[in-house]
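Enquirer: take this sequence and fold it.
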Amino acid sequence: MKILFTNFHKRNGGGHATYIINLLGQLAPEHECFVATPGTSRLYRFAQAVPNVRVIDQSFNSRIGKLLPEIKQLRKLIQQEHFDIIHVNASADHRHVMLACLGLRHRPKIIFTKHNDHPVGSFGHKLRAKLATDRIIAVSRFVADMFKNSPYAAIPLDMIHHGIDTRYFAPASARHKQQCRQALLGNEAANTGLILLGSTGGTDYEKGWLEMVQAVSQLPEHLKNRCRIIMAGDPPNEEKMNRVKALGMEPQLVFPGLVDDVRDILAACDLGFVLSHKEALSFACRESMALGLPTIASNAGGLPENIQHGKDGWIVPAKDPQALQTLLQEILDNPALLHEVSMASRQTAEQHFNLDTFARKTLNTYRQALGLPLAP
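Expert: Modelled structure (predicted):
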């Protein structure tokens, strides 16, 4: 099978990029895989490192002066390579693919994965549903429900949760954990009483990390003083840091920056958190759980689909620092609970987050679009 993956992000790309990279690693050994994405993106850089994958520097701008040459370039690629499948991942690349395929005698089948909770009722969506969508992948039940009574309602839909490499995202040894803590905290890592709460979800307001800062600030002193919050992602701006300072929490936060490999950040931690105000599913949550971190998630969007509350993690209301503070106090006062949930978290990841299932279900979506028998 010949597959073209498209993605519009010019920089990090977040979950979109991780999603495509994971699929490439599973599908490229047996299929011809191409990626069209901006040359400045993380996806471009990472996809180049995957054997047997061809990567094309392709932009997806909306301004007419740039859009027309981009569509011409994409159309030429599609005509030359005769793809079986084009797998689009957002409105911008979906739009370009639609326009590039107009009038083609033999158009590839177009699969649209929806990764977010943005509405799907616009005029642009109506056009793309009619002209350039053969099948839909929703990354969670929450996202799947968004397509009901939408322009896409009549198009076949498959709900496929993200898969991650649970061998790559595996619990760290005690020695490696201490080395990671040393790298983040320096001399303070020698304090064995510290509790590190970590997130790799980013520092945007909507990621909810400031609710964690507020919740920790409200803990009893004996717990608050032991806590350190580790926030990977773009460094927060002055306005966000002013909120941290107003809570008196600046000394207790560590910002490692935007990292390609989150394992060492999470390996240093005792508790993970993803407190988004909106979320389709979250790679960050699944990676945290796979690393054996007891993880707290908000009840936003598809996030609760990752966790069985009280068994392999905890779910709290989004934007509710008080509820979070109450839960944190209960957890941190009970070290045995952390260990128990850690074991269950890893077990859930091994059983339900694996890449093989993710790739097989995605490949079957392609096969159904092409009218081929399903893979076993």
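
Enquirer: buried residues, stretch 161-171. List them.
Expert: Neighbour counts over stretch 161-171 (16 or more other CB atoms under 10 Å) mark His161, His162, Gly163, Ile164, Asp165, Thr166, Phe169, Ala170, Pro171 as buried. Yep, even glycine has a C-beta here, placed from its N, CA and C like the rest.

Enquirer: let me have these in a markdown table, extended by pLDDT.
Expert: A markdown table is the format used below for those (pLDDT from 0 to 100):
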| residue | pLDDT |
| --- | --- |
| His161 | 97 |
| His162 | 93 |
| Gly163 | 94 |
| Ile164 | 94 |
| Asp165 | 94 |
| Thr166 | 95 |
| Phe169 | 96 |
| Ala170 | 96 |
| Pro171 | 96 |
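
Enquirer: what is the nearest of those to Pro376?
Expert: Distance to Pro376 across those (CB to CB) is lowest for Gly163, with 17.3 Å.

Enquirer: secondary structure element for the closest residue to that closest one other than its chain neighbours?
Expert: Leaving out its chain neighbours, the residue that sits closest to Gly163 by CB to CB, 6 or more residues apart in numbering is Phe358, at 2.5 Å. Secondary-structure assignment from DSSP states H and E places Phe358 in helix 355-369.

Enquirer: list the buried residues of that helix.
Expert: 355, 358-369.

Enquirer: export the buried residues of stretch 161-171 to CSV and tack on distance to Lys177?
Expert: As requested, the buried residues of stretch 161-171 are exported to CSV (distance: CB to CB, whole Å):
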residue, distance to Lys177
His161, 28
His162, 25
Gly163, 25
Ile164, 20
Asp165, 20
Thr166, 18
Phe169, 14
Ala170, 12
Pro171, 9
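
Enquirer: report the secondary structure state of the closest residue in space to Val139 that isn't next to it in sequence.
Expert: Nearest residue to Val139, sequence neighbours excluded (CB to CB, 6+ apart): Leu281, at 4.6 Å. Secondary structure, DSSP: H, G, I helix; E, B strand; the rest coil: Leu281 is coil.

Enquirer: any idea how many residues pack against Leu281?
Expert: By other CB atoms under 10 Å, 25 other residues sit near Leu281.

Enquirer: likewise for Gly198?
Expert: Close neighbours of Gly198, defined as other CB under 10 Å, add up to 27.

Enquirer: would you agree Thr365 is in contact with Ile137?
Expert: Yes - with contact defined as CB atoms under 8 Å, Thr365 reaches Ile137; the gap is 5.9 Å.

Enquirer: spit out the residues that contact the two alike.
Expert: Residues touching both Thr365 and Ile137 by CB atoms under 8 Å, 6 or more residues apart in numbering: Ile111, Asp158, Ile160.

Enquirer: ok, and the most crowded of these?
Expert: Most neighbours among these, by other CB under 10 Å: Ile111, with 23 neighbours.

Enquirer: hang on, the earlier thing: out of the shared contacts of Thr365 and Ile137, which sit inside helices?
Expert: Among the shared contacts of Thr365 and Ile137, no member falls in helices (criterion: DSSP state H).

Enquirer: make TSV out of those and add pLDDT.
Expert: Shown next, in TSV, are the shared contacts of Thr365 and Ile137 (pLDDT from 0 to 100):
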residue	pLDDT
Ile111	98
Asp158	98
Ile160	98
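
Enquirer: how about a markdown table for the buried residues of helix 355-369, with pLDDT and distance to Glu81 added?
Expert: Converted to a markdown table, the buried residues of helix 355-369 look like this (pLDDT from 0 to 100; distance: CB to CB, whole Å):
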| residue | pLDDT | distance to Glu81 |
| --- | --- | --- |
| Leu355 | 94 | 26 |
| Phe358 | 96 | 25 |
| Ala359 | 96 | 22 |
| Arg360 | 96 | 24 |
| Lys361 | 97 | 25 |
| Thr362 | 98 | 20 |
| Leu363 | 98 | 19 |
| Asn364 | 98 | 23 |
| Thr365 | 98 | 20 |
| Tyr366 | 98 | 16 |
| Arg367 | 98 | 19 |
| Gln368 | 98 | 22 |
| Ala369 | 98 | 17 |
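
Enquirer: could you tell me the end-to-end distance of stretch 35-52?
Expert: Using CA to CA, to the nearest Å, one end of stretch 35-52 lies 11 Å from the other.

Enquirer: the stretch 51-200 of the chain: strands as residue ranges?
Expert: Counting by DSSP state E, counting those that start in this stretch, the stretch 51-200 of the chain has strands at residues 53-57, 85-88, 109-114, 135-138, 157-159, 195-199.

Enquirer: nice, that's everything, thank you.
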